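> sequence first, predicted coordinates after that:
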Amino acid sequence: MKHRLGFLLQKSDSCDYSSSQGKKEKLSSSQRLSQEEVRKWADSLENLIHHDRGLAAFRAFLKSEYSEENIEFWVSCEEYKKTKSPTKLSPKARKIYDEFISVQATKEVNLDSCTREKTSHNMLEPTLSCFDEAQKKIFTLMEKDSYRRFLKSPYYLDLVSPPGAGCRPENCKRNHTHSLDCNSNIISQCA
């Protein structure tokens with residue numbers, strides 16, 4: 001189990017979202033994620049991805065399913081919208097397009113042809129909103145599909161369980177070969 005989830009214990013690109021946002025606030029290992037915060041993640045995908053550690057947990061889950069391109073695209077669009085310099089819009093838009101939208105993209109996201117075509121047209125004169133429709137489609141896709149699976153996964157269930165409760169066999173019906181260590185503080189290492 002440690003071997004399978006070892007990538008979560010290391011700091012990786014997928015955990016650097018908070019630093020790319022300019023939020024260099026480091027959490028000490030003694031700080032814990034409150035159960036109340038974690039339970040709020042189940043209210044909506046927005047609550048989950050707007051919380052640094054929620055986003056890190058969701059990314060780790062998507063990475064385990066080999067589908068992290070959706071959240072990477074969503075995050076890239078959010079960062080793109082913060083672009084202040086008009087001269088930087090076009091190169092940043094092109095990078096996002098080439099990485100996620102283009103038919104030959106390395107991390108192509110699943111968009112219908114109409115949305116893909118409209119986004120391609122928007123690339124002629126990129127604006128801060130040129131990816132809005134595609135971003136909404138991907139958000140909806142994640143909300144209806146991967147977010148629901150995340151809430152049923154050990155990535156979420158082990159965090160929402162009271163400390164130690166998930167470790168006792170009588171309290172846990174999940175297969176622990178795919179779960180996180182009950183007392184691990186993996187998410188705070190990513191934040």
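Noted; the coordinates are in hand.

> now the helices for the protein?
For the chain, the helices defined by DSSP state H occupy 2-9, 17-20, 35-40, 45-49, 52-64, 69-80, 86-96, 113-122, 132-144, 146-152, 154-160, 186-190.

> out of those helices, which one sits most buried?
For those, the largest average neighbour count (mean count of other Cβ atoms under 10 Å) is found in helix 52-64, namely a mean of 22. Any C-beta I mention is one placed from the backbone N, CA and C, and that applies to glycine too.

> name the helices or strands packed onto it?
The elements that helix 52-64 packs onto, with contact taken as 3 or more Cβ pairs under 8 Å, 6 or more residues apart in numbering; DSSP states H and E, are helix 17-20, helix 35-40, helix 45-49, helix 69-80, helix 146-152, helix 154-160, helix 186-190.

> export these to TSV and tack on distance to F61?
Converted to TSV, the helices and strands packed on helix 52-64 look like this (distance: least, Cβ to Cβ, whole Å):
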stretch	distance to F61
helix 17-20	14
helix 35-40	14
helix 45-49	10
helix 69-80	9
helix 146-152	5
helix 154-160	4
helix 186-190	11
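
> out of these, which gets the lowest mean score?
For those, mean pLDDT drops lowest on helix 17-20, to a mean of 39.

> among the helices and strands packed on helix 52-64, which is nearest A93?
Closest to A93 of the helices and strands packed on helix 52-64 is helix 69-80 (Cβ to Cβ; 6.9 Å).

> what does the closest one rub up against?
Here helix 69-80 makes contact (Cβ atoms under 8 Å, 6 or more residues apart in numbering) with 17, 20-21, 49, 55, 58-59, 62, 92-93, 96, 99-100, 107-110, 128, 131-132, 134-135, 138-139, 141-142, 146.

> and the angle from it to helix 132-144?
Angle, helix 69-80 to helix 132-144, by axes from the mean of the first three to the mean of the last three Cα atoms, to 10 degrees: 140 degrees.

> CA-only coordinates of helix 69-80 in PDB, if you can.
Taking Å, rounded to 0.1, in the frame of the first residue of the first chain, the C-alpha atoms of helix 69-80 are listed here in PDB:
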ATOM      1  CA  GLU A  69      -6.000  16.500 -17.200                       C
ATOM      2  CA  ASN A  70      -9.500  17.800 -16.300                       C
ATOM      3  CA  ILE A  71      -8.400  19.500 -13.000                       C
ATOM      4  CA  GLU A  72      -5.200  20.700 -14.600                       C
ATOM      5  CA  PHE A  73      -7.200  22.400 -17.400                       C
ATOM      6  CA  TRP A  74      -9.600  23.900 -14.900                       C
ATOM      7  CA  VAL A  75      -6.700  25.300 -12.700                       C
ATOM      8  CA  SER A  76      -4.900  26.600 -15.800                       C
ATOM      9  CA  CYS A  77      -8.000  28.500 -16.900                       C
ATOM     10  CA  GLU A  78      -8.300  30.000 -13.400                       C
ATOM     11  CA  GLU A  79      -4.700  31.100 -13.500                       C
ATOM     12  CA  TYR A  80      -5.100  32.400 -17.000                       C
END
